[in-house]
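Asker: just a sequence and a predicted model for now, questions to come.
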Amino acid sequence: MNMIETVLTDLETDKQFLTQGLQKAQKAYTEKCKKPNPSKKVLMELSWERVEYSELLQQCQCLLSYVKTLKVSVGQSSQVLHVQKSVCEKTSDWEKYMRNLFIKRRQPAAIHVFIFLLSDECRNKKPYCLPIQYCFQGFVTDGKFNSLRTKGEKRPLHVVQLIRNARESVSKKSKGFLLKLIVRTGVDDDGKPVTEKADPAIPSDVINLLHNLRQDGLSLFEALKCIRMSLVPEGYEPYPFRNGVEESQEDMLKSIIGTYRFRDTVSKYVSVGVDFSTYIYIPEIDDETGEAFHEREDHCHILKRIWKHTREGPPGTNLQGFDDAMRNPGTGLTFAALTGKRKQSVVDAERMLSFLVAKFLSENGYEKEGEYINIVAGWHEAADGRGLSELERCKKNYAMLNMILDDWMPWHKTTPNFATIDINRPIKGICGFSRETVIAVTTNIESIEYRRRESGRIGYPEHPRAGTSDDVEAFISLLHGFLGNIFTVKEMKSLWRKVVREYCKRIDEDLPFYYWTSNERFREFGDPMPSFNEVEEVPDDIDAADDPCRLHSLTVNRREDSSIFAAGRLSLPVRNLTTVRHRLHRPVVEPPLLEAAIE
């Protein structure tokens, strides 16, 4: 009887869970149907979701009724054989119900493995990253990871989060409520204006200005427009509150009050030592260690994003220049790199976003495109190149940041105060980047420069490659080599220890099973790695093929470069395809067709 009571309790819990799930599925389907031009695929998925919850709820109710009847029959000795037979006949129904129920309970299912790795900040020994722990993770968008770089644990970390908070504080307010915050109703004993609802973020001067403009004969709309135009420096046009929609009186009120709330928030943080008026991103200080906790995105991941945005064409970019650069053998740009055949290839991204391509574009009438590529290549070199001083890396980082600010906040050179930023400027589309890319680039630059300013106190500079995952990919590729691209949770759990032991063999020279890899990737254990900041003297007239700096040298790929004549191109072997990492991240690309080089 105790077991039956437990089953009844579990079924009641299942019934409550399925009822709530059905309500959510119905709500999601209804909301999607109300939107203009809904996706048929999404509607089909949401419709099936409703059906599945509905059928499961019916099965649960039937089983609940069956168990209640069973409970009554168990107490009667004459019904024992009948009960046993009935339970056996219901086995398939129970199995089907439990299988489908647990599918719903596990949503969203774990489809990724989240791996934690620990590395030495100085990166003196290879490999840099060591696996510590893993956990299974459901689907996570880039936007959710991106929020780690804006929200923070105790306070916002990025100016973008302050902007978002200010806009959200007014977006759902009515016109009448907003007017009560800014329309003067009287004056107090100190001569300060009084409104129906007080908001300390709105300056008294603004309330008095609105009142005086209306006293001078201007309508409320015209007076609000004058104040709205004063929110940006003279000569610039403010963005509307709703992108692409001309501002109404209500929208202007939202823009004005939202802007002053944003500025008030910046002022409050400045007063406590968090200067968002000067820096776009400021990391939090850990309470235990007293050190800054930096929320960065992998540098090479950002580089591949920028490569994608460049192929799509930022506003005002003439992509013909890149096609011309591909036909020139002195740029190293290949057809695969130009078209993005290998979307996860950092090497292809470097071939397109290179100093050689920038030089070609500048010398052949594509000055704007050449300057853009040169700035991006310099930013990449500051984080991944050798032979630069700390000052040169700093300059290249800020050149990239200034390029973004030129589009985001054009007056930043004359008014370098982020409190004056236009909160309505859409982040998406700045320099042709996505919102995630803009936040990632600005966060990484400000974080790196924050750490550079702390080098004197800490005692040593940060390693330039501290923000890249080259060695992370080595371990990930080792996992893929054992598990394949698609694997189950059970396979991951059973093979984790084996993979970690195999990784230890590759990196620990004291183990009897230690072996050398095909390159010098894991060899240097005794001495520290050479400094990335050792400046090399390179003659100005040196040939690109002989340049010792990796990102400035010309690497010829006769198999993939359509600008170079290569006899028997189709029979040329694919280089660097000996390791698991290369097989995963550099899939074989067919040689470019003859038409691609001629058209």
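Answerer: Yep, that arrived.

Asker: and Ile375, how many neighbours?
Answerer: When counting by other Cβ atoms under 10 Å, one arrives at 20 neighbours for Ile375. Backbone N, C-alpha and C define where each C-beta goes, glycine included.

Asker: which of the helices or strands spans it?
Answerer: Ile375 belongs to helix 367-384 when assigned by DSSP states H and E.

Asker: what's that helix packed up against?
Answerer: Judged by 3 or more Cβ pairs under 8 Å, 6 or more residues apart in numbering; DSSP states H and E, the packing partners of helix 367-384 are helix 299-312, helix 320-326, helix 355-363, helix 390-408, helix 435-453.

Asker: same thing but at 6 Å, please
Answerer: Judged by 3 or more Cβ pairs under 6 Å, 6 or more residues apart in numbering; DSSP states H and E, helix 367-384 is in contact with helix 299-312, helix 355-363, helix 390-408.

Asker: mind putting the ones you listed into JSON lines with distance to Ser447, mean pLDDT and mean neighbour count?
Answerer: Output for these, formatted as JSON lines (distance: least, Cβ to Cβ, whole Å; pLDDT from 0 to 100; neighbours: other Cβ atoms under 10 Å):
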{"stretch": "helix 299-312", "distance to Ser447": "11", "mean pLDDT": "92", "mean neighbour count": "20"}
{"stretch": "helix 355-363", "distance to Ser447": "25", "mean pLDDT": "93", "mean neighbour count": "21"}
{"stretch": "helix 390-408", "distance to Ser447": "10", "mean pLDDT": "95", "mean neighbour count": "18"}
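
Asker: pull the residues that contact stretch 399-410.
Answerer: Outside stretch 399-410, the residues that touch it by Cβ atoms under 6 Å, 6 or more residues apart in numbering are 375, 379, 412, 421, 430-431, 445.

Asker: now do stretch 256-268
Answerer: So stretch 256-268 is contacted by 162, 166-167, 169-170, 178, 201-202, 227-228, 231, 276-277, 419, 423 (Cβ under 6 Å, 6+ apart).

Asker: could you look up the SS state of Glu537?
Answerer: Recorded secondary structure, Glu537: coil (DSSP: H, G, I helix; E, B strand; the rest coil).

Asker: so what's the residue count around it?
Answerer: 6.

Asker: quick one, what contacts it?
Answerer: Glu537 neighbours (Cβ under 6 Å, 6+ apart): none.

Asker: per-residue confidence for it?
Answerer: Predicted confidence (pLDDT) for Glu537: 74.

Asker: roughly how far apart are Leu148 and Arg296?
Answerer: Going from Leu148 to Arg296 by Cβ to Cβ, to the nearest Å gives 10 Å.

Asker: quick one: the helices in the stretch 401-550 of the chain?
Answerer: Ranges of helices in the stretch 401-550 of the chain, per DSSP state H, counting those that start in this stretch, are 435-453, 455-458, 470-483, 489-507.

Asker: how about the contacts of stretch 399-410 in JSON lines, adding distance to Val194?
Answerer: Below are these laid out as JSON lines (distance: Cβ to Cβ, whole Å):
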{"residue": "Ile375", "distance to Val194": "51"}
{"residue": "Trp379", "distance to Val194": "51"}
{"residue": "His412", "distance to Val194": "37"}
{"residue": "Ile421", "distance to Val194": "30"}
{"residue": "Ile430", "distance to Val194": "41"}
{"residue": "Cys431", "distance to Val194": "45"}
{"residue": "Ile445", "distance to Val194": "45"}
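
Asker: buried ones among those?
Answerer: Taking 16 or more other Cβ atoms under 10 Å as the criterion, what is buried in these is 375, 379, 412, 421, 430-431, 445.

Asker: Gly152: which of those residues is nearest?
Answerer: Gly152 lies nearest to Ile445 out of those, by Cβ to Cβ, at 17.8 Å.
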